[in-house]
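Chemist: Pasting a predicted model and its sequence here:
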Amino acid sequence: MKVVNDLFDYENLKIVQESESFKFSLDSLLLAEFVDSVDNSKQILDLCTGNGVIPFVLSYYYKNKIVGFEIQESIYQLALEGVKLNGLEHQVSLYHDNVIHIGKYFPGNNFDIVTANPPYFKYKESSLINQNEQKAIARHEIFLSLEELFQIAKYALKENGVFYLVHLPERLEEILVLCEKYQLVAKKIQFVYTKENYNASIVLIKCVHHAKNALVVSSPLFVHNYKSYKTIFRK
């Protein structure tokens, strides 16, 4: 069943969801908050945009033009409804396609900022995946591998453009190898924990295209300590 919810405590922002099949995760919200302050001239690209959480949260802070790509028709339609509901038609543009086809829509070196909350799990024919097709595509690399994601980010970003990624900590070694391969230099890493004495649940990574090496690993973030996530990385 389709439902309209408040987008946490972001005043006047709504999110359209499928209550039984597709809801956004905290990961997307934290990734949007992880984006550093940007001036309004920067062009933003959100890959694997889902129902629009990252563009909507970024629009709460900034007036930048934001482009989002979503491969699944039903989820793309949820995002479109959210754009209209939030009055963001002049700021947020959405495309229904696999992000590997971005070259059909935009030239290379076109964006200042790329964000991505991609599928987390590798996929092969023997993989155990969710029987719900929406969830399976959102969680597993059925149509987009991690390396393809890095190829797209490198293609899309301008010189010194910034790539923000949320992913699983257990794939961090692979991510850092791809950072080096595609000249997206890891500048900041943020581990996020649900509770103390648990392993990190996600990792947020900031990469800069063709930057010099200078990596900062931030203090751990324990999300259960927070009632609001607004400006969580700026406190």
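Modeler: It's in.
Chemist: hey, C-alpha coordinates of stretch 175-194 in PDB?
Modeler: Below are the C-alpha coordinates for stretch 175-194, written out as PDB (Å, rounded to 0.1, in the frame of the first residue of the first chain):
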ATOM      1  CA  ILE A 175      36.200   0.200  -2.200                       C
ATOM      2  CA  LEU A 176      39.600   1.700  -1.400                       C
ATOM      3  CA  VAL A 177      41.200  -0.400  -4.200                       C
ATOM      4  CA  LEU A 178      38.600   1.000  -6.600                       C
ATOM      5  CA  CYS A 179      39.200   4.500  -5.300                       C
ATOM      6  CA  GLU A 180      42.900   4.200  -6.300                       C
ATOM      7  CA  LYS A 181      42.000   2.600  -9.700                       C
ATOM      8  CA  TYR A 182      39.600   5.300 -10.700                       C
ATOM      9  CA  GLN A 183      41.600   8.200  -9.200                       C
ATOM     10  CA  LEU A 184      38.800   9.000  -6.600                       C
ATOM     11  CA  VAL A 185      41.000   9.700  -3.600                       C
ATOM     12  CA  ALA A 186      39.400   8.800  -0.200                       C
ATOM     13  CA  LYS A 187      39.500  11.900   1.900                       C
ATOM     14  CA  LYS A 188      37.200  11.100   4.800                       C
ATOM     15  CA  ILE A 189      35.800   7.900   6.300                       C
ATOM     16  CA  GLN A 190      33.000   7.800   8.900                       C
ATOM     17  CA  PHE A 191      32.000   4.500  10.600                       C
ATOM     18  CA  VAL A 192      28.400   4.400  11.800                       C
ATOM     19  CA  TYR A 193      27.300   2.100  14.700                       C
ATOM     20  CA  THR A 194      23.800   1.200  15.900                       C
END
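Chemist: what's the single longest helix in the protein?
Modeler: Across the chain, the longest stretch assigned as helix under DSSP state H is helix 73-85.
Chemist: for the record, mean pLDDT for it?
Modeler: Helix 73-85 comes out with an average pLDDT of 96.
Chemist: Can you list the low-confidence ranges for the protein?
Modeler: 21-22, 123-142, 235 (pLDDT under 70).
Chemist: all helices of it, in order?
Modeler: Using DSSP H, helices in the chain cover 26-34, 53-61, 73-85, 133-139, 146-156, 172-181.
Chemist: so who does residue 20 touch?
Modeler: residue 1 (C-beta atoms under 8 Å, 6 or more residues apart in numbering). C-beta coordinates here come from the backbone N, C-alpha and C atoms, glycine included.
Chemist: er, residue 33 I mean
Modeler: 57, 229-233.
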